[in-house]
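Novice: quick one, fold the following:
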Amino acid sequence: MTANANSDPRALTGAVLTGSGLSMTYRRGVWPRRRTREVLRGASVSLAAGEVVGLVGENGSGKTTMLRILVGDLHPDAGAVTRSGPLGYCPQVAQLYPRLTSNEHFELFAAAYRITGAQATASRDALYDQLDFSRYADARVAELSGGTLAKLNLALALLPDPPVLLLDEPDAGFDWDTYQRLWDIV
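Specialist: Numbering: from 1, shown residues only. Model (predicted):
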């Protein structure tokens, strides 16, 4: 079946990422002491390229869960997610390999994003410059401070220059200068 652009809601809204009717309940423990906690109930979002949107709520209200569902890291109990194009995702807790260097992480993520060698190198170098941490290019992740680790986490999400960038508390551990740079990038 060939999709008609007019039948695709993204063609009308310009959305790159949509989530509709998202519900998620966490279940812990075993019977008879099983507990449930509903964190999302029918949540929906539509994100266009270049749009800046904030997701706010109390601790434990489902913000991180929603982001993880949108990027495909979690499957919702109900609802649907539609993506068109690459996404950048900077998780709250960096998912990095302690024994690899910053440069090795860029190589690994570039391969995952299917970015060619010259383009990956140019992107990496620009991000080192923008976030001012090129001196850590050959340092292993295990040797990085919390703030530098957060810079690497953010840079890896920015590597493909995605139309949609999902940030989950990306500024934790940033100094004031880096915090300002983050908002310049956004």
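Novice: can you mark which positions in stretch 76-86 are buried?
Specialist: Neighbour-count burial for stretch 76-86 flags 76, 79, 81, 83, 86 (criterion: 16 or more other Cβ atoms under 10 Å). Placement of C-beta: from N, CA and C, glycine included.
Novice: among the residues you listed, name the ones in strands.
Specialist: Those of the buried residues of stretch 76-86 mapping onto strands are 79, 81, 83, per DSSP state E.
Novice: export the residues you listed as CSV, with columns for pLDDT and distance to residue 133.
Specialist: Listed next are these as CSV, based on pLDDT from 0 to 100; distance: Cβ to Cβ, whole Å:
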residue, pLDDT, distance to residue 133
79, 96, 38
81, 96, 32
83, 92, 29
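Novice: nearest to residue 48 among the buried residues of stretch 76-86?
Specialist: Nearest to residue 48, judged by Cβ to Cβ, of these is residue 83 at 12.8 Å.
Novice: so which residues of this protein form strands?
Specialist: Using DSSP E, the strands of the chain run over 15-28, 35-48, 78-83, 87-90, 164-167.
Novice: figure out which of those strands is closest to residue 149.
Specialist: Nearest of the strands of the chain to residue 149, taken as Cβ to Cβ: strand 87-90 at 11.6 Å.
Novice: setting aside sequence neighbours, what's the nearest residue to residue 26?
Specialist: Distance criterion Cβ to Cβ, 6 or more residues apart in numbering; nearest residue to residue 26, sequence neighbours excluded, is residue 37 at 4.9 Å.
Novice: returning to that earlier point: buried deepest among the strands of the chain, which one?
Specialist: The highest mean neighbour count among the strands of the chain, using mean count of other Cβ atoms under 10 Å, belongs to strand 164-167: a mean of 21.
Novice: and it, what does it pack against?
Specialist: Packing partners of strand 164-167 (3 or more Cβ pairs under 8 Å, 6 or more residues apart in numbering; DSSP states H and E): helix 63-71, strand 87-90, helix 146-158.
Novice: for the last one, list the C-alpha coordinates in CSV.
Specialist: The C-alpha coordinates for helix 146-158 follow below in CSV (Å, rounded to 0.1, in the frame of the first residue of the first chain):
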residue,chain,number,x,y,z
GLY,A,146,30.3,14.2,36.3
GLY,A,147,30.1,17.4,34.4
THR,A,148,32.4,16.2,31.5
LEU,A,149,30.4,12.9,31.4
ALA,A,150,27.2,15.0,31.0
LYS,A,151,28.9,16.9,28.2
LEU,A,152,29.7,13.7,26.4
ASN,A,153,26.2,12.4,26.9
LEU,A,154,24.7,15.5,25.4
ALA,A,155,27.3,15.6,22.5
LEU,A,156,26.4,12.0,21.5
ALA,A,157,22.7,12.9,21.3
LEU,A,158,23.6,16.0,19.2
